[in-house]
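K.L.:
Sequence and computational prediction follow.
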Amino acid sequence: MKVRTKVTIAAVVVIGIIVALVTMGMSQASTYYLTVDEYLAKADKWNDRPVKVSGTIVGDSVNWNPQTVELRFDMKSEEGQVIPVYYKGLKPDNFVDGWEAIVEGKMDDSGQFVASQLLIKCPSKYEAVEEEKK
Amino acid sequence: MGFIGDFSLMIVPYVIGIGLFAYVYGMIKKSDRWIETGRRATLALAFLTTAASLTLIYLLSIGDFRYEYVARYTSTDLSLFYKIAAFWGGNAGSLLLWLWLLSLYTALVTYSKHKDSEQMLPIVSTVLLSIGLFFAIVLETAAPPFKLAANVVTEGSGLNPLLQNPGMAVHPVTLYLGYIGFGIPFAYAVAALILKKTDAVWLKVTRKWTLISWFFLTMGIIYGAKWSYVELGWGGYWAWDPVENASFMPWLTGTAFLHSAMIQEKKGMMKKWNVSLIILTFLLTLFGTFLTRSGILWSVHAFANGPLGAYFLAFIGIALVFCVGLLVVRWPSLKGEVEFEAAVSKETSFMLNNLLLLGVAFTVFWGTIYPVISEALTGDKVMVGAPFFNRVSLPVFILLVVLMGICPLIAWKKSTLRNLRKNFLYPLIFAVISAVFLFLLGVRGLFTLLSLTSALFVVATISFEFYRGVEARAQMTGQNKFISFFQVINRNRRRYGGYMIHLAVVFIAIGVTMSSAYSSQIQVMLKPDERVNMKQYTLTYRGLSEEKSAGKSTVFADVVLQKGDKTIGVVRPERIFYANGLQPTSEIAIYSTWSEDIYVVLAGWEEGTSNAVFEIHWNPLIQWIWFGGYLIILGTLIALWPDRRRDVMIE
């Protein structure tokens, strides 16, 4: 076999492996990213796959139990729909009424969204002060 | 004072315009006088941007709140250090820093001398000035740093507390130096293409620039990781955040370029590959800036959304069309001088290394922009997170580490079985034994085991190589081994500097592998004098205290840390509350050793009591990552240190 052919075969194999890894990774590790409204519109569809849902924090609903390290709160959509969220973990620093939260997880049987991850989306961390003053 | 900066920036686009015209006209007319005018323009540009930058630094340091930028990013209680660092704390200032560094680089390059410099430099400077023109226009229209505030305030908003970390002095600047630096090999590549000079002169001339840029980019990334680790309180250092990815992509392609450039220097091969790689790297640095400033993807680094995204996208588009066009026209002339001579050789192992690095770069790119693509195609926004990136890149990184052990020792042209056996038998035996040993120690995960074994294999090949070099030298000169060790490095700086950097990467790989595989964390609420165990450590909570100072109040917990029976001391995680209404921040307490870090976050407390909530992380071998960073500095210095010809002649 010519050297060039051998090298080409090696290169194709390597590229093939990487493409396979990416394809496999995409099918196993991708999550849908939805708003509360989008989520509720097709709630059944999302039960068997991981989703991230974003909405705003309802300040009055926040219930933080430091003893058991459990956080419960409601997440509201722009149209006012609400889902209750349960998160086993710490309350983030900037857990403020009206700020956007992103939760990852799924709905349990009682209609409560059990989050394995919780992120707070600041308007922009660099320019947060300015945003607040507006 | 501000008018000096404002005025300087105002005339910058015209100076660049004059420079560009002079260069192009001078090249067409073959007029040295016009080219000289162009050269002067690069000097004028460097002078003007320096004036503008110093003005901004001055305004920031005296706290002249008449200027919007000063009022927005500083306050009177800020230390001078952070007042100056606020220079790159916001959009306009960081773009000015970018233009400043670029114009200093441009002037430096323009006044350099090397083989073929008379032919190449006019084009190189033209390319660099064009990049500068873009930033000058952005500064003039979209993000003017010297804009006056609409209403004058007596106190500024202050720098975001998260940015108030010593890392602020290092991370952004080094990252920019790296990003901007890659513009120079890029400009040379364009010059080489236009002139149809397909030899390796452009690579030899820019090797130092490439290495320096690579070095700064690496430092920027490592310092960013460290900053995230000590400041953000999540116990990790890398999250595959879009902006982290943005800096990682050009690093990957830049690393590939650093290696494949050697093949062209030595063998005249991979010409198409090299020009394509450096073009790609340059475009990725622009793309990285675009990601940070466009707000297209959400990230902790995002600057406020603005029109900047559109500017950058347009510029990337123009650069892309220009580069691809140039490549297509010049493609036939870029034929390599020789073919691969054997399937197993240094050339092919370098090619493999390049493919793998590019594979990771593609993976990162794809994963980063996938939310945008999927939304455009299907209407659903699909994201991929850390699990995707880890799963795909981990096996590839392990292969890369293995290659790092093989590449440097494999022969050029064609490697024989004897050659392979001579170089790899002992390291291979060592690797197998250490794999068994690791397994017996309890290392079980397949990838963890593979990763550590391949890292140790590299350590073995490099040590073996050092050992043989020193032995040979000691025999030849009759000097003792200690002296020979330094002589070997000194006489072959590029090679041993490279080994040193490989060793550094191995340290980082081991640190990353161990900390991702074995770190653990707990969240716990403690009453005063209650204790909790974390691995071999015991933490006893003593109580909360509060300290008030201007503008903020700090609540801290005293936690006594013991290892076994030995008391190590008190660690003091804090939470800081700000008078100006900013959300509170955490100051983490870290007890760091070579074997592990104990990382304590004060997460909150029960209202009305002294019961405090802690998050405690146990992270193994984190220090190895930072130590790897220092070794990279050392390795780069060795590789870059100029050869003193005189010494060589005396020897």
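P.N.:
Structure received. Numbers count the residues shown, from 1 in each chain, chains lettered A, B, ... in the order given.

K.L.:
Going by C-alpha atoms from here, please, whenever you check contacts or count neighbours.
P.N.:
Will do.

K.L.:
Which residues are in contact with the spatially most central residue of chain A?
P.N.:
Centroid check for chain A by C-alpha atoms, centre = their mean gives A:Lys52 as the closest residue, at 3.0 Å. Shown in contact with A:Lys52 (C-alpha atoms under 8 Å, 6 or more residues apart in numbering or on different chains): A:31-34, A:102-105.

K.L.:
Could you provide the residues you listed in a markdown table, with additional columns for pLDDT, secondary structure and distance to A:Val22?
P.N.:
Formatted as a markdown table, the contacts of A:Lys52 follow (pLDDT from 0 to 100; DSSP: H, G, I helix; E, B strand; the rest coil; distance: C-alpha to C-alpha, whole Å):
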| residue | pLDDT | secondary structure | distance to A:Val22 |
| --- | --- | --- | --- |
| A:Thr31 | 86 | strand | 15 |
| A:Tyr32 | 87 | strand | 17 |
| A:Tyr33 | 84 | strand | 20 |
| A:Leu34 | 86 | strand | 23 |
| A:Ile102 | 87 | strand | 25 |
| A:Val103 | 90 | strand | 25 |
| A:Glu104 | 89 | strand | 22 |
| A:Gly105 | 89 | strand | 23 |
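
K.L.:
What residues does chain A have near chain B?
P.N.:
Counting by C-alpha under 8 Å from any C-alpha of the partner chain, the residues of chain A close to chain B are A:3-4, A:6-7, A:11, A:14-15, A:18, A:21-22, A:25-26, A:28-34, A:66-69, A:89-91, A:93-94, A:124-127, A:129-130.

K.L.:
Give the pairing partners of the strand ranked longest in chain A; include direction for each.
P.N.:
Longest strand in chain A by number of residues, with DSSP state E as the criterion: strand A:51-65. Note on strand A:51-65: by DSSP bridges, its sheet partners are strand A:30-35 (parallel), strand A:70-76 (antiparallel), strand A:100-107 (antiparallel).

K.L.:
Where do the strands of the stretch 351-500 of chain B begin and end?
P.N.:
Counting by DSSP state E, counting those that start in this stretch, the stretch 351-500 of chain B has strands at residues B:381-384.

K.L.:
Show me where chain A dips below the pLDDT cut-off.
P.N.:
A:122-134 (pLDDT under 70).

K.L.:
Show me what the longest helix along chain A packs onto, helices and strands only.
P.N.:
Longest helix in chain A, counting residues (DSSP state H): helix A:3-29. Packing partners of helix A:3-29 (3 or more C-alpha pairs under 8 Å, 6 or more residues apart in numbering or on different chains; DSSP states H and E): helix B:346-378, helix B:386-406.

K.L.:
what's the neighbour count on A:Leu34?
P.N.:
By the criterion of other C-alpha atoms under 10 Å in any protein chain shown, A:Leu34 has 18 neighbours.

K.L.:
Check B:Thr154 too.
P.N.:
11.

K.L.:
Hmm, it is touching B:Tyr67, no?
P.N.:
No. B:Thr154 lies out of contact with B:Tyr67 (C-alpha atoms under 8 Å); the separation is 11.4 Å.

K.L.:
Correct me if wrong: B:Thr636 contacts B:Ile501.
P.N.:
Yes. B:Thr636 lies in contact with B:Ile501 (C-alpha under 8 Å); the separation is 7.1 Å.

K.L.:
And the strand or helix carrying B:Tyr23, what's buried?
P.N.:
Using DSSP states H and E, B:Tyr23 falls within helix B:2-29. Burial within helix B:2-29, assessed by neighbour count using 16 or more other C-alpha atoms under 10 Å in any protein chain shown, is assigned to B:2, B:4-6, B:8-10, B:12-13, B:15-24, B:26-27.

K.L.:
on contacts alone, who are the packing partners of that helix?
P.N.:
Partner elements for helix B:2-29 (3+ C-alpha pairs under 8 Å, 6+ apart): helix B:32-62, helix B:117-141.

K.L.:
For those helices, give me a markdown table that also has distance to B:Thr453 and mean pLDDT.
P.N.:
Below are the helices and strands packed on helix B:2-29 laid out as a markdown table (distance: least, C-alpha to C-alpha, whole Å; pLDDT from 0 to 100):
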| stretch | distance to B:Thr453 | mean pLDDT |
| --- | --- | --- |
| helix B:32-62 | 49 | 96 |
| helix B:117-141 | 45 | 95 |
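
K.L.:
List the residue ranges of the stretch 201-350 of chain B that fall below the pLDDT cut-off.
P.N.:
Using pLDDT under 70, the stretch 201-350 of chain B drops low at B:294-306.

K.L.:
Identify the residues contacting B:Thr540.
P.N.:
By C-alpha under 8 Å, 6+ apart, the neighbours of B:Thr540 are B:529-532, B:559-561.

K.L.:
possible to save the helices and strands packed on helix B:2-29 as JSON lines with distance to chain A and mean neighbour count?
P.N.:
Putting those into JSON lines (distance: least, C-alpha to the nearest C-alpha, whole Å; neighbours: other C-alpha atoms under 10 Å in any protein chain shown) gives the following:
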{"stretch": "helix B:32-62", "distance to chain A": "17", "mean neighbour count": "21"}
{"stretch": "helix B:117-141", "distance to chain A": "19", "mean neighbour count": "21"}
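
K.L.:
Specify the stretch among those that is closest to A:Glu38.
P.N.:
A:Glu38 lies closest to helix B:117-141 among the helices and strands packed on helix B:2-29, at 37.5 Å (C-alpha to C-alpha).

K.L.:
B:His114: neighbour count?
P.N.:
The number of residues packed near B:His114 is 12, by other C-alpha under 10 Å.

K.L.:
can you tell me the helix or strand for the closest residue to it other than its chain neighbours?
P.N.:
Among residues not flanking B:His114 along the chain, B:Val205 sits closest, at 7.2 Å (C-alpha to C-alpha, 6 or more residues apart in numbering or on different chains). If you go by DSSP H and E, B:Val205 is part of helix B:201-231.

K.L.:
Nearest residue to B:Ala246 in space, please, no chain neighbours.
P.N.:
Nearest non-adjacent residue to B:Ala246, counting by C-alpha to C-alpha, 6+ apart: B:Gly288, 4.4 Å away.

K.L.:
Quick check: which element contains that neighbour?
P.N.:
helix B:271-294.

K.L.:
backbone phi and psi for the residue nearest to A:Val85 when sequence neighbours are not counted, please?
P.N.:
Closest residue in space to A:Val85, ignoring its immediate chain neighbours: A:Phe113 at 4.7 Å, by C-alpha to C-alpha, 6+ apart. Dihedral pair for A:Phe113: phi -90, psi 110, per degrees, to the nearest 10.

K.L.:
Report the contact partners of A:Phe113.
P.N.:
By C-alpha under 8 Å, 6+ apart, the neighbours of A:Phe113 are A:83-86, A:105-107.

K.L.:
can you rerun that using 10 Å?
P.N.:
A:Phe113 makes contacts with A:53, A:72-75, A:83-87, A:103-107, as judged by C-alpha atoms under 10 Å, 6 or more residues apart in numbering or on different chains.

K.L.:
again, but for B:Ile508
P.N.:
Here B:Ile508 is in contact with B:222, B:455, B:502, B:514, B:621-629, B:631 (C-alpha under 10 Å, 6+ apart).

K.L.:
next SSE after the helix or strand hosting it?
P.N.:
Assigned by DSSP H and E, B:Ile508 falls within helix B:493-518. Remark: after helix B:493-518, the chain's next helix or strand is strand B:520-526, criterion DSSP H and E.
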